[in-house]
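**Student:** Show me how the following folds:
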Amino acid sequence: MKKSIRPPDNWQDFESLCKKLFGEIWVCPYTIKKNGRLGQSQAGVDVYGKPKGQQDYWGIQCKGKDNYLDKKLTKKEIDEELLKARSFEPGLITYIFATTATKDVVIEEYVRVKDRDSVANNGFEIPLYCWEDIADLIEENRDTFNWYVNNFQFREQYGVEILFDASGSDRLKPKFQKSIVKRELRPVPKYSAEINEVLLKITRTDYPKFDIVSLLNKQTNHGWCAIDLLIVNIGNKVIEDWKIWLTFSSSEVSSIYDAFQAHFLDKEALKWRTTWVYKESNRILYKPLNNSSLIQKDHKALKCHCYPSLQFNFHKGSLAAVS
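**Tutor:** Residues are numbered from 1 along each chain as shown. Here you go, the predicted model:
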């Protein structure tokens, strides 16, 4: 059964699980507490309490990880939290690292050494519980098992996370240089004469700032920027019939661009389209190919282009909710 026990979908739920689980283990379900509130300094302690029969406090640092990105607990994180935990008042006798990350022999050895050195200097003990350890404890403590597995874990939850730019940057940084070589547009065999005529018309009239002839000849206007979005289902329900709108204000961008708009006048090609640009309202619509579902932990990638008025940061309010 333990292989089917999955970690919570977010760090808030993981803190709640640790409070419930260790409250049962320590036999102090009514006195174990979460430390402070969001935004306050917590001295490295998310949950604290006194196990039955103990006079000193025990603390827990809850490290929830995004499992679909396979993130691990790091030595730097451990050192930073240990330093903060030494300022917790009154002093702790035991300081537990609980994480949804999977077991890692390097990190386990590192924590054992830290534990030995801390105890030798009259400091607190430092146990480490990775997700496999926590899953075992959930099985062994029936109140928590029934609360988490039978009720909490499989409660229907919809959740979506939007990530800008896989590199972690949330800014557009155009080079603001423009070097375009204009060449004669010759008919491409796979396109009809009607399509080529439309391409020429768009080049001459509709896109004065972005030369489609140059685009087809692989010339680059460095003022244009690409935006990469990653849409991730972080809930435990399949999301059906969904789409996403990306909306810019007129002060953020001068224009948005669909590099292949004209090509999709072809009805046969139209069914392969996922991205639609609405220049008049500065909006971009993404619809998954064939209206495909977004299953749990799955993700979809979107790339679009805009011509920024100036360098700007992405804001959550600029992104419409997935519907």
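**Student:** Measure how buried the residue nearest to Y110 when sequence neighbours are not counted is and give me the count.
**Tutor:** Residue nearest to Y110 in three dimensions, not counting chain neighbours: K75, with 5.5 Å by CB to CB, 6 or more residues apart in numbering. For the C-beta atoms, the positions are set from N, CA and C on the backbone; glycine is no exception. Neighbour count of K75, defined by other CB atoms under 10 Å: 12.
**Student:** K75 contacts I107, doesn't it?
**Tutor:** Yes - under the criterion of CB atoms under 8 Å, K75 makes contact with I107 at 7.2 Å.
**Student:** Tell me which stretches of the stretch 201-323 of the chain form strands.
**Tutor:** Secondary structure of the stretch 201-323 of the chain (DSSP state E, counting those that start in this stretch): strands at 220-221, 225-233, 244-247, 253-257, 275-278, 283-286, 299-308.
**Student:** Next up, phi/psi of the nearest residue to Q54 once chain neighbours are set aside, please.
**Tutor:** Residue nearest to Q54 in three dimensions, not counting chain neighbours: I93, with 7.3 Å by CB to CB, 6+ apart. I93 adopts backbone torsions of phi -100, psi -20, taken as degrees, to the nearest 10.
**Student:** and I93, how many neighbours does it have?
**Tutor:** I93 has 16 neighbours, counted by other CB under 10 Å.
**Student:** neighbours around P7, how many?
**Tutor:** P7 has 19 nearby residues by other CB under 10 Å.
**Student:** Let me see the contact set for the nearest residue to it once chain neighbours are set aside.
**Tutor:** Nearest non-adjacent residue to P7, counting by CB to CB, 6+ apart: T100, 3.8 Å away. T100 makes contact with 7-8, 14, 63-65, 67, 131, 134, according to CB atoms under 8 Å, 6 or more residues apart in numbering.
**Student:** let's see it at 7 Å
**Tutor:** If a contact means CB atoms under 7 Å, 6 or more residues apart in numbering, then T100 has 7, 14, 64-65, 67, 131 as its contacts.
**Student:** could those go into TSV alongside pLDDT?
**Tutor:** Shown next, in TSV, are the contacts of T100 (pLDDT from 0 to 100):
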residue	pLDDT
P7	87
F14	91
G64	82
K65	70
N67	51
W131	93
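**Student:** so where is the stretch 151-300 of the chain shaky, pLDDT-wise?
**Tutor:** For the stretch 151-300 of the chain, applying pLDDT under 70 flags the ranges 152-157, 165-223, 236, 251, 257-273.
**Student:** on that earlier part again, ok, which of the strands of the stretch 201-323 of the chain comes nearest T144?
**Tutor:** Set against T144 and scored by CB to CB, these come closest in strand 225-233, at 26.6 Å.
**Student:** can you pull the buried residues of that closest one?
**Tutor:** Across strand 225-233, burial judged by 16 or more other CB atoms under 10 Å covers 225, 227, 229, 231-233.
**Student:** just those now: which is nearest Q42?
**Tutor:** V232 (27.4 Å).
**Student:** Please look at the closest one and H299 and confirm they touch.
**Tutor:** Yes - V232 lies in contact with H299 (CB atoms under 7 Å); the separation is 4.4 Å.
**Student:** Quick one: the helices in this structure, in order.
**Tutor:** For the chain, the helices defined by DSSP state H occupy 11-25, 75-85, 105-120, 131-140, 142-145, 193-201, 212-216, 267-270.
**Student:** hmm, back to that, got the buried residues of strand 225-233 as TSV, with distance to G44 columns?
**Tutor:** Below are the buried residues of strand 225-233 laid out as TSV (distance: CB to CB, whole Å):
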residue	distance to G44
C225	40
I227	37
L229	34
I231	34
V232	29
N233	32
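**Student:** picking up where we left off before, from the contacts of T100, which two are the most distant?
**Tutor:** F14 and N67, at 10.9 Å, using CB to CB across the contacts of T100.
**Student:** can you pull the pLDDT of the residue nearest to P7?
**Tutor:** T100 is assigned 92 on the pLDDT scale.
**Student:** List the buried residues in stretch 123-136.
**Tutor:** Quick answer for stretch 123-136 (16+ other CB under 10 Å): 123-124, 126-131, 134-135.
**Student:** same deal with stretch 53-60?
**Tutor:** 57-60.
**Student:** so can I have TSV of the residues you listed showing distance to N151 and pLDDT?
**Tutor:** Shown next, in TSV, are the buried residues of stretch 53-60 (distance: CB to CB, whole Å; pLDDT from 0 to 100):
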residue	distance to N151	pLDDT
Y57	29	97
W58	26	97
G59	27	97
I60	22	97
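**Student:** Just send those back as TSV, with distance to K84 too.
**Tutor:** Formatted as TSV, the buried residues of stretch 53-60 follow (distance: CB to CB, whole Å):
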residue	distance to K84
Y57	15
W58	16
G59	10
I60	13
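**Student:** Spatially nearest residue to G36, not counting backbone neighbours?
**Tutor:** Nearest residue to G36, sequence neighbours excluded (CB to CB, 6+ apart): Q42, at 5.3 Å.
**Student:** repeat for K63
**Tutor:** For K63, ignoring the flanking residues on the chain, the nearest one in space by CB to CB, 6+ apart is T99 at 4.0 Å.
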